[in-house]
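Asks: next come a sequence and a model predicted from it.
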Amino acid sequence: MSTRRTILIAPIGEISDWILEAVAFGVNEAFDLDTRILSLFNNIDFAWDPGRKQYHSTQILEALETHAPDDILKVIGITREDLFIPVLTYVYGEAQLGGTAALISISRLVQGLDTGFLQSSYKRIIKEAVHELGHTFNLRHCRDELCMMHYCRSLEDVDKKSSRFCRYCNIMIADAIRDLGV
Ligand SMILES: [Zn+2]
Ligand SMILES: [Zn+2]
């Protein structure tokens with residue numbers, strides 16, 4: 001039996017406590033695994049693309065994997081910077097399919113400062129963080145628009161999906177966690 005039951009939440013740069021706590025809460029709810037908050041690095045200049053004026057998320061994933069402590073199961077990085085992968089203009093996040101590292105950017109998820117907006121930002125951050133971590137447990141995109149593994153192109157799509165996995169994805173997650181022996 002592996003004792004690695006911890007998902008590390010790694011802020012990159014200045015990230016508000018409420019955001020880190022939202023992710024910790026959502027991750028714990030979704031996977032029933034422990035969480036720990038610990039910054040691994042703050043400088044992501046290595047991933048900066050001067051042409052696009054954005055950060056290349058795949059390079060940050062590699063750095064998260066490299067810096068992750070041995071005793072953690074998965075790591076999710078959280079940045080305020082806008083992220084891209086070459087084929088898309090921006091991404092809310094990215095993950096290593098069946099791997100260790102996931103990443104989200106809050107830059108397009110957090111909007112407005114009044115209570116209603118904060119409430120939806122809170123939910124969006126949880127949904128996208130859990131979505132990306134779902135990929136590290138080998139889950140692919142789900143057709144069910146209400147499932148957290150549904151691929152979202154817009155904030156409307158993110159707001160429309162629920163904060164749950166569909167029945168199918170739930171079984172996939174449970175199997176993946178059981179197979180890891182944690
Ligand atoms: Zn995805
Ligand atoms: Zn699903």
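Replies: Looks like it arrived, so ask away. Ligands and ions are numbered 1, 2, ... in the order given.

Asks: now the residue positioned nearest the centre of the chain: closest residue in space, sequence neighbours ignored.
Replies: By CA atoms, centre = their mean, the chain has its centre lying nearest to A129, at 2.8 Å. Excluding its sequence neighbours, the residue lying closest to A129 (CB to CB, 6 or more residues apart in numbering) is V23, at 4.7 Å. For every residue, glycine as well, the C-beta is placed using N, CA and C.

Asks: where does pLDDT dip in this protein?
Replies: Applying pLDDT under 70 to the chain flags residues 1-3, 112-116.

Asks: apply 50 and report the result again.
Replies: 1 (pLDDT under 50).

Asks: show me where the chain has its helices.
Replies: All helices of the chain, identified by DSSP state H, fall at 17-31, 57-67, 115-136, 155-160, 167-180.

Asks: now those as JSON lines including distance to ligand 2?
Replies: Listed next are those as JSON lines, based on distance: least, CB to the ion, whole Å:
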{"stretch": "helix 17-31", "distance to ligand 2": "12"}
{"stretch": "helix 57-67", "distance to ligand 2": "23"}
{"stretch": "helix 115-136", "distance to ligand 2": "9"}
{"stretch": "helix 155-160", "distance to ligand 2": "14"}
{"stretch": "helix 167-180", "distance to ligand 2": "3"}
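
Asks: winner for burial among these?
Replies: Highest mean neighbour count among those (mean count of other CB atoms under 10 Å): helix 115-136, with a mean of 20.

Asks: how far off helix 17-31 does that helix point, in degrees?
Replies: Orientation note: helix 115-136 sits at an angle of 50 degrees relative to helix 17-31 (axes from the mean of the first three to the mean of the last three CA atoms, to 10 degrees).

Asks: ok and helix 115-136 relative to helix 57-67, angle-wise?
Replies: Using the same axes, to 10 degrees: helix 115-136 against helix 57-67 is 70 degrees.

Asks: just the CA atoms of helix 115-136, as CSV, please.
Replies: Taking Å, rounded to 0.1, in the frame of the first residue of the first chain, the C-alpha atoms of helix 115-136 are listed here in CSV:
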residue,chain,number,x,y,z
THR,A,115,-20.5,39.0,-3.8
GLY,A,116,-22.3,37.4,-6.7
PHE,A,117,-19.2,37.4,-8.9
LEU,A,118,-17.0,36.1,-6.1
GLN,A,119,-19.4,33.2,-5.6
SER,A,120,-19.2,32.2,-9.2
SER,A,121,-15.5,32.7,-9.3
TYR,A,122,-15.2,30.4,-6.2
LYS,A,123,-17.2,27.6,-8.0
ARG,A,124,-15.3,28.1,-11.3
ILE,A,125,-11.9,27.7,-9.6
ILE,A,126,-13.0,24.5,-7.9
LYS,A,127,-14.5,23.0,-11.1
GLU,A,128,-11.4,23.8,-13.2
ALA,A,129,-9.0,22.6,-10.5
VAL,A,130,-10.8,19.3,-10.1
HIS,A,131,-11.2,19.0,-13.8
GLU,A,132,-7.4,19.3,-14.4
LEU,A,133,-6.6,16.9,-11.5
GLY,A,134,-9.2,14.5,-13.0
HIS,A,135,-6.9,14.2,-16.1
THR,A,136,-3.9,13.2,-13.9
